[in-house]
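Visitor: could you work out the structure for the sequence below:
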Amino acid sequence: MKVFMLFSALLAVVSGLSTPNGQTRVPENPSTSNVQTVFPIPTEVDRKVTFPLSNKAAVSMGMLLAFNSGAVNSATLSGLLAGGTKMGSAAVTGAWTNSAIGAAGALKGASAAAALFNAKCILSYMTGAIISGFVIPEPKAFEVDVKRTVPLFGIAATLLATAAVFAKASNIKYLYFCCLANGLQNSFTSTLTANLCRTTHFTGITSDMGTFIGQVLAGNKANAGRLKSIAMIAASFWTGGFLSFGLTKAFGFKVLAGAAMVHVAFAAFVGLKSKAKTA
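Guide: Numbers count the residues shown, from 1 in each chain. Got it, this is the predicted structure:
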């Protein structure tokens with residue numbers, strides 16, 4: 001008899017008529033009942049607003065942002081702004097070496113200005129990446145965190161708008177804000193896409209392209225799709241730089257203001273896409 005009663009109790013648990021701790025089964029609509037559940041029901045505030053990013057969408061995003069970064073880098077490297085100073089803002093590999101050369105020269109009596117200038121560019125780029133890491137401390141590959149991405153690109157747009165203001169006044173500080181914006185963007189796209197889309201710094205992409213081309217020529221086509229993706233991103237960066245030169249000659253600092261608006265548009269797109277997903 002005891003065995004039969006135990007079996008009946010277990011059958012009730014399995015069928016959902018009861019729970020092991022003696023609680024009544026939760027109704028279909030818990031919000032209309034006073035029954036306390038074991039696990040609290042998440043509210044809209046608790047839910048993390050995200051949406052998945054396909055490989056195709058990631059490449060399209062990478063192409064847009066790479067184009068924008070190429071335009072900004074062309075404006076800073078062309079010498080057409082702020083009294084003719086030429087400095088790349090999309091990457092700081094050269095700045096590292098130039099700062100070392102400047103420091104070595106300073107030890108022999110030369111001015112330390114070059115070393116300090118390049119060090120400021122390096123720190124600005126790094127600080128942009130720090131901002132990205134701080135705003136999105138736990139990124140998930142190919143998953144856009146809407147509530148953090150939108151304000152992050154609001155910050156990026158503000159940095160480029162500030163750069164435009166300084167460039168209008170021919171103030172060399174505009175370069176630091178361009179480096180900040182590019183460092184932020186590259187950190188965001190690299191972490192989001194597991195380094196598929198590095199949108200400002202193209203040394204690694206150039207190396208990857210060479211490696212993948214060599215593999216394809218040897219008969220290994222495993223990375224042929226990735227080669228196509230990064231080649232399109234690199235082409236977008238080049239195109240942005242090509243078009244930016246003429247635009248900077250014609251409109252000057254306004255090119256940077258236009259680049260800021262691209263970041264605003266990207267933030268707006270992410271926000272609208274998330275609303276469409278939840279509608």
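Visitor: skipping adjacent residues, who's closest to the residue positioned nearest the centre of the chain in space?
Guide: Most central in the chain under C-alpha atoms, centre = their mean is residue 188, positioned 2.0 Å from the mean C-alpha point. Nearest non-adjacent residue to residue 188, counting by C-beta to C-beta, 6 or more residues apart in numbering: residue 132, 4.9 Å away. Every C-beta, even on glycine, is put in place using the N, C-alpha and C of the backbone.
Visitor: next, count neighbours for that neighbour.
Guide: Residue 132 has 26 neighbours, counted by other C-beta atoms under 10 Å.
Visitor: am I right that it is in contact with residue 152?
Guide: Yes - judged on C-beta atoms under 8 Å, residue 132 makes contact with residue 152 at a distance of 6.3 Å.
Visitor: what residues are shared contacts of these two?
Guide: 184, 188 (C-beta atoms under 8 Å, 6 or more residues apart in numbering).
Visitor: pLDDT weak spots in the stretch 1-150 of the chain?
Guide: For the stretch 1-150 of the chain, applying pLDDT under 70 flags the ranges 1-47.
Visitor: so which residues of it form helices?
Guide: 2-15, 55-77, 93-107, 113-135, 146-168 (DSSP state H, counting those that start in this stretch).
Visitor: just the buried residues of the last one, please?
Guide: This means helix 146-168. In terms of neighbour count (16 or more other C-beta atoms under 10 Å), helix 146-168 has its buried residues at 146, 148-150, 152-153, 155-164, 166-168.
Visitor: tell me which of the helices of the stretch 1-150 of the chain sits most buried.
Guide: helix 55-77 (a mean of 23; mean count of other C-beta atoms under 10 Å).
Visitor: what's the angle between that helix and helix 146-168?
Guide: 20 degrees (axes from the mean of the first three to the mean of the last three C-alpha atoms, to 10 degrees).
Visitor: elements contacting helix 55-77?
Guide: helix 174-192, helix 224-251, helix 254-278 (3 or more C-beta pairs under 8 Å, 6 or more residues apart in numbering; DSSP states H and E).
Visitor: so which of those is the most packed in?
Guide: Of all the helices and strands packed on helix 55-77, as judged by average neighbours under mean count of other C-beta under 10 Å, the leader is helix 174-192 with a mean of 26.
Visitor: by contact count, what packs against the following helix or strand past that one?
Guide: Note on helix 174-192: by DSSP states H and E, the next helix or strand toward the C-terminus is helix 203-217. Using 3+ C-beta pairs under 8 Å, 6+ apart, the elements in contact with helix 203-217 are helix 224-251.
Visitor: what's the model's confidence in the helix it packs on, averaged?
Guide: Taken as a whole, helix 224-251 carries a mean pLDDT of 97.
Visitor: from the contact counts, what lies against that helix?
Guide: With 3+ C-beta pairs under 8 Å, 6+ apart as the test, helix 224-251 has helix 55-77, helix 203-217, helix 254-278 packed against it.
Visitor: from the middle of its chain, how far away would the second one be?
Guide: Relative to the mean C-alpha coordinate of its chain, helix 203-217 is positioned 23 Å out (C-alpha atoms, centre = their mean, to the nearest Å).
Visitor: pLDDT of that helix, averaged?
Guide: Here the average pLDDT along helix 203-217 is 97.
Visitor: alpha carbons only: can I get it in CSV?
Guide: What follows is helix 203-217, C-alpha atoms only, in CSV (Å, rounded to 0.1, in the frame of the first residue of the first chain):
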residue,chain,number,x,y,z
THR,A,203,47.4,45.7,-40.7
GLY,A,204,45.9,42.5,-39.4
ILE,A,205,43.3,42.3,-42.2
THR,A,206,46.0,42.7,-44.8
SER,A,207,48.0,39.9,-43.2
ASP,A,208,44.9,37.7,-43.0
MET,A,209,44.1,38.4,-46.7
GLY,A,210,47.6,37.4,-47.7
THR,A,211,47.4,34.2,-45.6
PHE,A,212,44.0,33.2,-47.0
ILE,A,213,45.0,33.9,-50.6
GLY,A,214,48.0,31.7,-50.1
GLN,A,215,45.8,28.9,-48.6
VAL,A,216,43.4,29.1,-51.6
LEU,A,217,46.3,29.0,-54.1
